[in-house]
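Enquirer: below are the sequence and a predicted model for it; my questions follow.
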Amino acid sequence: MQHQAGNISKTGRSATIPIRFNLNGQKVEIAVDPTERLLDTLRYRLNLPGTKEGCGEGECGACSVIIDGLPANSCLVPTFQVRNRIVRTIESIPASSLQPMLETGATQCGACTPGVVVTANWIKENSGVLASHSMRALMAGNLCRCTGYDGIIDGLEKWLGRDGGRS
Amino acid sequence: MNVLMPTSLSEACAFCAKQPDLIPLAGATDLLVHWPIHPAEHDKSYLDLSHVQELRTIGWASGTLTLGALATYWDVLQDGRAKSEFPLLLEAARQVGAIQIQSRGTWAGNIANGSPAADGVPVLMAYDASVTLTSAGGSRSVPLHEYYTGYRKSVRRPDELISAISMPIRKYDFSVFHKVGARRAQAITKIGVAITRESEAPSLGEGVGGRENFHPWRVVANSVSATVKRCTAVEQLLQSNSPVRKPEDFLPALASDVSPIDDIRSTADYRRTVLARLLYHSLRNVAPAVT
Ligand SMILES: Cc1cc2nc3c(=O)[nH]c(=O)nc-3n(C[C@H](O)[C@H](O)[C@H](O)COP(=O)(O)OP(=O)(O)OC[C@H]3O[C@@H](n4cnc5c(N)ncnc54)[C@H](O)[C@@H]3O)c2cc1C
Ligand code: FES
Ligand code: FES
């Protein structure tokens, strides 16, 4: 299933909606088609293709972004809903952050990796959540067909400076 | 596609009064699924509630917990008092999708969506929640167990919005929520059940006339009927203290409470059998007559 920007507006009748939001620390002003998903706006209009589409139904987490400080699936967000919000994408995370993940085999084909890193980075920046949630529970919305998850959890442990290990 | 973007509840209700075919939009986690391949949905008119800040509240006042219509699963997971007073809300919230869904999905959206597999609805119902429906003409409150009238049908009029969900703060000495799905996270419920037992007759003053028909048990099942369903025959069985010595002893009561079907996720038979077992193993040595 290919969803291209060109066929987002099936009817062509909709008036666009002008919105502003903060994207990776920069102000963005853009007129969006009301049917446009944040995923498509990012990839096809704002040139940020790091956010991936896997399932288009909220299951896989490949499209994960951070909205007002919380992880969200950008495939389920109408872009007009992020007006006046703060959005962060994988592009805001330094590539060097990936190093611990590379060392533990957290990435193979790479399809899930941007989403995994967005969620993992959120956990790192909000490590208080680990008091009430296990790392695996927090990562449960990021599916990976390749690694079997142990590498991802080990990479995250390493990134957080915790004991590695698959206990 | 036409989108209206109110910033207050009264403005939202005014829009609904003028145009009752507006589709409310909250976290969009139900509405946006596979959005690009549903062009017919793109021709409709939407009411975006997401910036109506007054609805994003969790209130504890006068013996009641009130969740505003924009309260999310994550909001409840962060509420320390909810954890001690309404632990099943947290149980269910943790099992809805994963964090990306919990951060955006609302309890009101879960109710309004009307899926029989909804996981938020059974725990709310087990706490005797009521739904506040608000229109330009005013508000009314409907007990959640009377909200649904059939598969994805409810008493909500098209010009009404769910503005809040409220639950009396009571003392419970037993509560449990079980969700059976194909895997632990990101799975739609095949069979679910929420059970609470109130620990004592509450003090007078809760409602006019007190609670002379005090029944301590609430048993609510999801994915086994056209709607999430309160199992009043099972509640009565527990109340009557008739002996239950094996899972099958729940089946006669369940036969009048639920009507599971065969579908893509499971079979009617499996659902009935597992529900009886969930009840039995949850209640054994908890309910006096279940041994
Ligand atoms: C990957 C994935 C996993 C999921 N897992 C689960 C799960 O485990 N358990 C579960 O129960 N659900 C699950 N869901 C479904 C969904 O997340 C929940 O039902 C959620 O609570 C919906 O809330 P929302 O705010 O996103 O609703 P929306 O999508 O915004 O709206 C849902 C419906 O409610 C209506 N509505 C919303 N707010 C109001 C209001 N205030 N007044 C009147 N009508 C209103 C809308 O018009 C729409 O019909 C999942 C969804 C996805 C995509
Ligand atoms: S593409 Fe958004 S969750 Fe899979
Ligand atoms: S590395 Fe291939 S899907 Fe995760």
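Expert: Nice, I can see it. Ligands and ions are numbered 1, 2, ... in the order given.

Enquirer: got phi/psi on the residue nearest in space to the middle of chain A?
Expert: The central residue of chain A, meaning the one whose C-alpha is nearest the mean C-alpha position (CA atoms, centre = their mean), is residue A:64 at 2.1 Å. The main-chain torsion angles of residue A:64 are listed as degrees, to the nearest 10 and equal phi -60, psi 130.

Enquirer: quick one: contacts for it?
Expert: With contacts taken as CB atoms under 8 Å, 6 or more residues apart in numbering or on different chains, residue A:64 has the following neighbours: A:51, A:71, A:72, A:73, A:74, A:114, A:115, A:118, A:119, A:141, A:142, B:100. The way it works is simple: take the backbone N, C-alpha and C, and place the C-beta from them, glycine included.

Enquirer: which ones among those map onto strands?
Expert: Among those, DSSP state E puts A:71, A:72, A:73 in strands.

Enquirer: which of those sits closest to ligand 3?
Expert: Out of these, the one with the shortest distance to ligand 3 is residue A:73. That distance is 15.9 Å, counting by CB to the nearest ligand atom.

Enquirer: against residue B:25, how distant is the closest one?
Expert: In this structure, residue A:73 and residue B:25 are 15 Å apart, going by CB to CB, to the nearest Å.

Enquirer: for residue B:146, same thing?
Expert: Taking CB to CB as the measure, residue B:146 and residue B:25 are separated by 26 Å.

Enquirer: neighbour count winner among these two?
Expert: Of the pair residue B:146 and residue B:25, residue B:25 is the one with more neighbours under other CB atoms under 10 Å in any protein chain shown, namely 21 against 12.

Enquirer: so that one touches residue A:78, yeah?
Expert: Yes. Using CB atoms under 8 Å, residue B:25 and residue A:78 qualify as a contacting pair, with a distance of 7.2 Å.

Enquirer: scan chain A for its longest helix.
Expert: Residue-count comparison of every helix in chain A, with assignments taken from DSSP state H, identifies helix A:113-125 as the longest.

Enquirer: what about that helix and chain B, touching?
Expert: Yes. Where contact is defined by CB under 8 Å from any CB of the partner chain, part of helix A:113-125 touches chain B, namely residue A:119.

Enquirer: please give me every residue in contact with the residue of the stretch 151-291 of chain B found nearest ligand 2.
Expert: Taking CB to the nearest ligand atom as the measure, the point where the stretch 151-291 of chain B comes nearest ligand 2 is residue B:186, at 9.6 Å. Contacts for residue B:186 were tallied using CB under 8 Å, 6+ apart; they are A:59, A:140, A:141, A:143, B:97, B:98.

Enquirer: quick one: the residue nearest to the last one when sequence neighbours are not counted from residue B:103, how far?
Expert: Across the structure, with CB to CB, 6 or more residues apart in numbering or on different chains as the measure, the residue nearest residue B:98 apart from its sequence neighbours is residue A:141 (2.7 Å). Here residue A:141 is placed at a distance of 10 Å from residue B:103 (CB to CB).
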